[in-house]
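Engineer: the following block contains a protein sequence and its predicted model.
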Amino acid sequence: MINKIVRSMAEAMAGIKDGSTVFIGGFGAVGQPNALIDGLIEQGAKDLTVVANNAGTGRVGLARLMELGRVRRIVCSYPRSTGSVVFEELFRAGKIELELVPQGTLAERMRAAAAGIGAFFTPTGFGTKLAAGKETREIQGRMQVLEYALKGDVALIEAWQADRWGNLTYRLSGRNFNPVMAMAAELTIVQAQHIVELGEIDPEVVVTPGIFVNRVIHVPYGDPPI
């Protein structure tokens, strides 16, 4: 019987290695798997490359993971945002590396990895410092930049509903980077707000099929306001 639901955070985090590339879903705080980030902090993996939309806020969650010295490199679109104090401190001190990637390019690099596409050309970034050292080519009269697929060792994502096969739905903007990250990592770990019985999720509304999911842990936040 297929059952991807785990009963403890330790079980969810098992096997994450030092030096891993870890995808962290969310757009700012929306759809961010905060419980899984705390679990990763407790688990102890270090020398990580983190791929996320932003570089954390305050001194909790992703920011805390960085503050503890566990992140060697971050790949993101918005390293500086309201409350990104930890990243700024570490970057100024030369204690963390940054790869800045335009948001659409970041999503497409992960989607390409999920689809088995090694690289693609995009006009985004051409003529800017982001294209420095990268191959460029004129395609259909427009200059484009070669970008390589981005694959993760681990994806930590947040979902609205999950069943024991790992089929997932998302709620509103909580969908964001979570589905593409789930598809582009070797090990996908999900915190789900609701666990439902097999068959309760209409196949037409499944966003992430269970084939892309390895582990699910129930982290209830409560129902949305009516």
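Structural biologist: Sure thing, it's come through.

Engineer: contact partners for the closest residue to residue 77 other than its chain neighbours?
Structural biologist: Spatial nearest neighbour of residue 77, excluding adjacent residues (CB to CB, 6 or more residues apart in numbering): residue 103 at 4.1 Å. All C-beta atoms are positioned from the backbone trio N, CA, C, and that covers glycine. Going by CB atoms under 8 Å, 6 or more residues apart in numbering, residue 103 touches 53, 77, 78.

Engineer: most neighbours among those, which one?
Structural biologist: residue 53 (21 neighbours; other CB atoms under 10 Å).

Engineer: so it sits against residue 75, correct?
Structural biologist: No. Contact criterion CB atoms under 8 Å: residue 53 and residue 75 do not qualify, at 10.2 Å.

Engineer: between the two, which contacts overlap?
Structural biologist: Taking CB under 8 Å, 6+ apart as the contact rule, residue 53 and residue 75 both touch residue 106.

Engineer: got a pLDDT number for residue 28?
Structural biologist: Note on residue 28: pLDDT of 79.

Engineer: from residue 145, how far off is it?
Structural biologist: 27 Å (CB to CB, to the nearest Å).

Engineer: which one's more surrounded, the two?
Structural biologist: Set residue 28 next to residue 145 and count neighbours by other CB under 10 Å: residue 145 wins out with 21 against 17.

Engineer: the more buried one and residue 136 touch, don't they?
Structural biologist: Yes. Between residue 145 and residue 136 a contact is recorded at 5.5 Å, counting by CB under 8 Å.

Engineer: overlap in contacts of those two?
Structural biologist: Joint contacts of residue 145 and residue 136 (CB under 8 Å, 6+ apart) are residue 126.

Engineer: could I get the contacts of residue 103 as JSON lines with distance to residue 192?
Structural biologist: Below are these laid out as JSON lines (distance: CB to CB, whole Å):
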{"residue": "53", "distance to residue 192": "20"}
{"residue": "77", "distance to residue 192": "26"}
{"residue": "78", "distance to residue 192": "26"}
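
Engineer: ok, of these, which one's closest to residue 221?
Structural biologist: Of all the contacts of residue 103, residue 53 has the smallest distance to residue 221: 19.7 Å, by CB to CB.

Engineer: so who does the closest one touch?
Structural biologist: 26, 27, 28, 76, 77, 78, 103, 106, 176, 177.

Engineer: filter the residues you listed down to just the ones in helices.
Structural biologist: 103, 106 (DSSP state H).

Engineer: of all the contacts of residue 53, which two lie farthest apart?
Structural biologist: Counting by CB to CB, the most remote pair of the contacts of residue 53 is 28 and 106, 14.5 Å apart.

Engineer: pipe the contacts of residue 53 into CSV and attach distance to residue 122 per row.
Structural biologist: Compiled in CSV, those are given as follows (distance: CB to CB, whole Å):
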residue, distance to residue 122
26, 23
27, 21
28, 24
76, 18
77, 14
78, 19
103, 12
106, 11
176, 20
177, 18
